Structure formats: structure tokens, C-alpha cells
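K.L.:
need a structure here:
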Amino acid sequence: MTQKYDRFNLEAEIMSVWNTKDDLESITSRMMDDPDPMSEDDIANVLIGLTELHDIRCKKLFNVFESMIKEKRFNEVEKLTPGLVL
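P.N.:
A predicted model of the protein is given here:
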């Protein structure tokens, strides 16, 4: 069974992708301000993990977007908000 997505799901996934910025700020803080320095290996592992997580978030966002296109969900938004230019 496939889930039906709406603009709120799309917005949630967009916001999820923005979390990568917060993750990078946390990593930077850990690297620069923590008295226990990270090794090059630790840094590499953290960045590889973040890369994978960001890829997962982007794929989920695209899946929601693609599903909404197939279900013509953007046509529904246009009907609900006449005059809105998409």
C-alpha cells in the first residue's frame, strides 16, 4: 500500500533536508570547541555518515514529490487556492 502525500508531507520532508545544516553546525562545534579533539578518522567517519543521512533525506523528499506529481496533488492545491501561480 502506498501512502498518499499532501503538501504538509512535502513541507515536512523539505524541513528534514534542512536538518543537514544543523548537523553540520553540530559537527563543526564538536571539532572546534570540544576539549577532546576528534581524530581525522573520527571526522571522516562522521562526515561519511552525514553524507549517507543527507542522501536518505533527499531520496525521501524526492519520493514524496514524485508521488504527489503522479497523484496530481498539485492540481488540488491550485483548485484550493485560485490565482496561486505554481
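
K.L.:
Residue ranges in the chain under the pLDDT threshold?
P.N.:
Low-confidence segments of the chain (pLDDT under 70): 1-2, 76-86.

K.L.:
and the gap between the residue nearest the centre of it and residue 64?
P.N.:
Nearest to the mean C-alpha position of the chain, by CA atoms, centre = their mean, lies residue 17 at 1.8 Å. Distance, residue 17 to residue 64, by CB to CB, to the nearest Å: 11 Å. No exception for glycine: its C-beta is placed from N, CA and C like everyone else's.

K.L.:
Check which residues of the longest helix along the chain are buried.
P.N.:
Counting residues, the longest helix in the chain under DSSP state H turns out to be helix 40-70. Counting neighbours by 16 or more other CB atoms under 10 Å, one finds that the buried residues in helix 40-70 are 46, 54, 57, 61, 64, 65, 67, 68.

K.L.:
pretty sure the fourth one is touching residue 18, no?
P.N.:
No - taking CB atoms under 8 Å as the contact criterion, residue 61 and residue 18 are not neighbours in contact, 10.3 Å apart.

K.L.:
Is the most far-flung residue of the chain relative to its centre part of a helix or strand, or is it coil?
P.N.:
When distances to the mean C-alpha position of the chain are computed (CA atoms, centre = their mean), the maximum falls on residue 35, with 30.8 Å. Recorded secondary structure, residue 35: coil (DSSP: H, G, I helix; E, B strand; the rest coil).

K.L.:
Got phi/psi on it?
P.N.:
Phi and psi for residue 35, reported as degrees, to the nearest 10, are phi -70, psi -20.

K.L.:
who's in contact with it?
P.N.:
Applying CB atoms under 8 Å, 6 or more residues apart in numbering to residue 35 gives no contacts.

K.L.:
From residue 69, how far off is it?
P.N.:
Distance of residue 35 to residue 69, computed by CB to CB: 50 Å.

K.L.:
circling back: can you pull the contacts of the residue nearest to the residue nearest to the centre of the chain when sequence neighbours are not counted?
P.N.:
Excluding the flanking residues, the one nearest residue 17 by CB to CB, 6 or more residues apart in numbering is residue 57, at 4.9 Å. Contacts for residue 57 (CB under 8 Å, 6+ apart) come out as 13, 16, 17, 19, 20.
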